[in-house]
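Asker: everything below, folded, please.
(2 chains)
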Amino acid sequence: MRKRMRITALFLSVGMALGSLAGCGGNTNNQTTKTAPANQASAEDNVPVTLRMSWWGGDSRHESILAVIAAFQEENPEIIIEPEYSAFADYRDKFTMQLTSGAAADILAVDQPWVSTIMAQGDFFADLSGYKELGFDGIDEYILENFCKFTDGTFFVPTGVNGMGSLVDTESLAAFGFDISNESFTWDDLIALGEAVHAADSNQYLSCVDSKQAALYYARTYLRQLTGKQFINDDGSMGVTKEELAQALALVDSLYEKGIFQPIEESGIYENSMTQNPAWINRQMYMILGRTSVMTDISARRADEAGNYTTTGFVLPQLPNGKETGIEVRPTALYAVNKNCRNPEAAAKFLAFMFNSEAGIELLKDTYSIPARESLRTYCEEKGILDETAMKNVEYSLENSGNIVNSWSNDSEVEAMMTEIIQKIAYKQYRDMDEAADEVFARVEQIVASSTKP
Amino acid sequence: MTQKKYKQKHFTGLCYVAPWLLGFLIFQLYPFIASFYYSFTDYTLLGKPNFVGLQNYITLFTIDKQFLSTMMITGLYALLSVPLKLAFALFVAILLTAKVKGIGIYRSLYYLPSILGGSVAVSVLWRVMFMKDGMMNHFIGLLGIGPVNWLTDPRLALMTLSLLQVWQFGSAMVIFLAALKGIPQELYEAAAIDGGGKWKQFIHITLPQISSVIFFNLVMQSIQALQNFTSAFVITGGGPMKKTYIIGMKLYDDAFRFYKVGYACAESWILFLVILALTVCVFKSSDAWVYYADEGGAK
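Answerer: Take a look at the predicted model:
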């Protein structure tokens, strides 16, 4: 009896120990790449290979990508793609942890602002430049050279081209004299329109915004147009002067003051989910500034009962005689192949199907904005499978793109700090905007001083 | 028992505790030691950690002004939530000592919020309840009070978060309930004969008799409050204006949003030391107010 108990206990213990250790993958980023040996099972041998693929997005993106996977597997039954998807908010933590522990998926979606940090700290992704089927030659040079290529090779496949602009409720705004054809729409025009909207009904506001968006698409855009400079230089020093920054912050202050933004006491609960604000859903807000890739989704969420969109694409407000347009053109997202992927050929084959084939783009549609290839853009236009608003916005953005935003200006800690500053402006915590600018300068100095950025 | 049999028995016992022991070593002791090491490095999750000595600790106290304000907010959160939670748990526990029909059902019902715990789902529920058009404003509206911005008013947001902590009073309540049931009834009978009313009985009998349990709950709930993360993360995201930015959130942001893992480890060690110091203080003070029957009363 005792002997049996001992054996049972030992068995359980060993089982538990192995179970625990199974999750303890070491950090493999500095180890030798696990490339497939010559005799390794691969897609070419028609021996099934399984690839894990991870991405973020909303329901419509998940559905589109799952449809692409299904279509690919029908053509390539020997390659099995295992999907792992989540919302953006959850994706980054999981992505980072998996990447560092060596447990990342074989095919990974990466957001462009993360790239410089990741690439500077390790050798995580496979060089894809040798895979002709990915058709890097056909990708817009601006996107390829600035976001996909690094000194050691080409590591990223762009999903699409993301521009910047605005989404407006043309029908509602027509009553206030809004003209959709006015491509020289300025910040002053925005303020005048917003004041008219709010004067007509104190419960309605021109702009749907949260403090993060106010920092990104109002203060930063205005500052870029005003100065044509990086917010923070590559060496961590400030790229703009206090006076210039105070001017940009004053714009945001006046937008809250004049009722163009909803008071933060009411909109604050919808931080990071501003399109769930009842005022936006009930058509008491009429304009959103942002990136092209989210416009279709936002429009779809506010469609009327017949399913028709109530919003359409429009330009980004401009500063007369601005130093640049403030329009940031970049890939909507990037896809990379894990350096530890045992079948990079199969991964490249799948990415080629997804982003470099007519069959793939017909299923993806504009889930990643507009394709980064002219040939596929033309194909989509002919077939009418892309949202016209997104298409026009990307064309406009490509024609009017501003400077590329550097790593420091895109830094997530800086972004979080600016969001807090905007909240303090909205809650009237500063005597004037010079005081707010002083705080930004001091906080940037702190962030840079405590940074581990290489 | 022979030496051999004694050893075999030990071996069997060790095998049974091995799963817990392994779990403790791998998931608690190892991270504990590793975080101490990483707190002296510039570890970023993605790259190799480099030894930076005391730099992270120096930065915490000299450059990062937000660290101290975050610690203050966390302390205020604990000060608001812990006494309220203990008082409410004790109040409900006293009600549940009543000899009424179906008391078991009541006890289970009152424990339910604690089963749900501080999960994301409950936090989302809390957020919806305290929105401008939420249930709380509906209730106070019935009393003729105008809508309150519970979560976006910088003066109220932390208190609203604290209420969620108070609502999860179940575990403290169960411990109080057990202690209350252990108080000898003769003490109350004697007090009643001497003319002692309910309030005097509560002050002079109940509180001293359960003081050791109050002490236990105070320590455990304080630690729990100081380590809170989920409710602030889900309900307010640390806002408005970082008024609910508790240390758990800062740790998370520094480690996983800003990739400053070494720095976050240093913060967690400071938090650990603060909790340790507070716990030691509470233990020291217990000599003055905690009654242990086997020691013949408080010193």
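Asker: okay, residue B:79: pLDDT?
Answerer: On the pLDDT scale, residue B:79 is placed at 95.
Asker: chain center to the helix or strand where it lies, what's the gap?
Answerer: Assigned by DSSP states H and E, residue B:79 belongs to helix B:65-95. The chain centre lies 8 Å from the centre of helix B:65-95; the measure is C-alpha atoms, centre = their mean, to the nearest Å.
Asker: buried residues in it?
Answerer: B:66-67, B:70-71, B:73-75, B:77-78, B:80-82, B:84-86, B:89-90, B:92-93 (16 or more other C-beta atoms under 10 Å in any protein chain shown). Placement of C-beta: from N, CA and C, glycine included.
Asker: list the helices and strands the helix or strand of chain B with the lowest mean pLDDT packs on?
Answerer: Ranked by mean pLDDT, DSSP states H and E, the helix or strand of chain B with the weakest confidence is helix B:103-116, at a mean of 78. Contacts defined by 3 or more C-beta pairs under 8 Å, 6 or more residues apart in numbering or on different chains; DSSP states H and E place helix B:103-116 against helix B:170-181.
Asker: quick revisit: could you list every helix and strand in contact with the helix holding residue B:79?
Answerer: Contacts defined by 3+ C-beta pairs under 8 Å, 6+ apart place helix B:65-95 against helix B:55-62, helix B:157-167, helix B:170-181, helix B:211-226, helix B:247-252, helix B:261-289.
Asker: wondering if the helix or strand hosting residue B:7 reaches chain A at all.
Answerer: Assigned by DSSP H and E, residue B:7 belongs to helix B:3-24. Yes. On the criterion C-beta under 8 Å from any C-beta of the partner chain, helix B:3-24 is in touch with chain A at B:8, B:11-12, B:15-16, B:18-19, B:22-23.
Asker: quick one, phi/psi of residue A:318?
Answerer: Reported as degrees, to the nearest 10, the phi and psi values for residue A:318 are phi -120, psi 160.
Asker: what about residue A:235, how many neighbours?
Answerer: For residue A:235, the neighbour count with other C-beta atoms under 10 Å in any protein chain shown is 8.
Asker: what does residue B:276 give?
Answerer: By the measure other C-beta under 10 Å, the count of residues near residue B:276 is 11.
Asker: please, which helix or strand holds the residue in the stretch 151-299 of chain B that chain A sits nearest to?
Answerer: For the stretch 151-299 of chain B, the residue closest to chain A is residue B:152, as judged by C-beta to the nearest C-beta, at 3.6 Å. In the assignment (DSSP H and E), residue B:152 maps to no helix and no strand.
Asker: let me see the confidence value for it.
Answerer: For residue B:152, pLDDT reads 92.
Asker: surely it and residue A:266 touch.
Answerer: Yes. Because the distance of 7.3 Å satisfies C-beta atoms under 8 Å, residue B:152 is recorded as touching residue A:266.
Asker: tell me the contacts of residue 262?
Answerer: No chain in the question, so chain A it is. By C-beta atoms under 8 Å, 6 or more residues apart in numbering or on different chains, residue A:262 lies in contact with A:205, A:208-209, A:277, A:279, A:285.
Asker: that's the other chain; I wanted chain B
Answerer: By C-beta under 8 Å, 6+ apart, residue B:262 lies in contact with A:452, B:38-44, B:49, B:52, B:56.
Asker: repeat the analysis, applying 10 Å as the threshold.
Answerer: By C-beta atoms under 10 Å, 6 or more residues apart in numbering or on different chains, the contact list for residue B:262 reads A:452, B:35, B:37-45, B:49-52, B:55-56, B:254-255.
Asker: and the pLDDT at it?
Answerer: The model's pLDDT for residue B:262 equals 94.
Asker: next: residue A:68.
Answerer: pLDDT, read off for residue A:68, is 96.
Asker: go on, the one 10 residues further on?
Answerer: In the prediction, the pLDDT value recorded for residue A:78 is 93.
Asker: cool, residue A:130 as well?
Answerer: 91.
Asker: what's the answer for the one 3 residues further on, then?
Answerer: pLDDT recorded at residue A:133 is 92.
Asker: kindly report the same for residue A:19.
Answerer: Per-residue pLDDT puts residue A:19 at 37.
Asker: residue B:47 now?
Answerer: The score at residue B:47 is 81. That number is its pLDDT.
Asker: and what of the one 5 residues further on?
Answerer: Here the pLDDT value assigned to residue B:52 is 94.
Asker: for it, what are its contacts?
Answerer: Residue B:52 touches A:452, B:39-43, B:58-59, B:262-263, B:266, counting by C-beta under 10 Å, 6+ apart.
Asker: these two touch, right, residue B:171 and residue B:116?
Answerer: No. In this structure residue B:171 lies outside contact range of residue B:116 using C-beta atoms under 10 Å: 11.9 Å.
Asker: residue of the stretch 251-400 of chain A with the smallest distance to chain B?
Answerer: Closest point on the stretch 251-400 of chain A to chain B, by C-beta to the nearest C-beta, is residue A:268, at 3.6 Å.
Asker: and stretch A:292-308, how far out from the chain's middle?
Answerer: With C-alpha atoms, centre = their mean as the basis, stretch A:292-308 stands 18 Å off its chain's centre.
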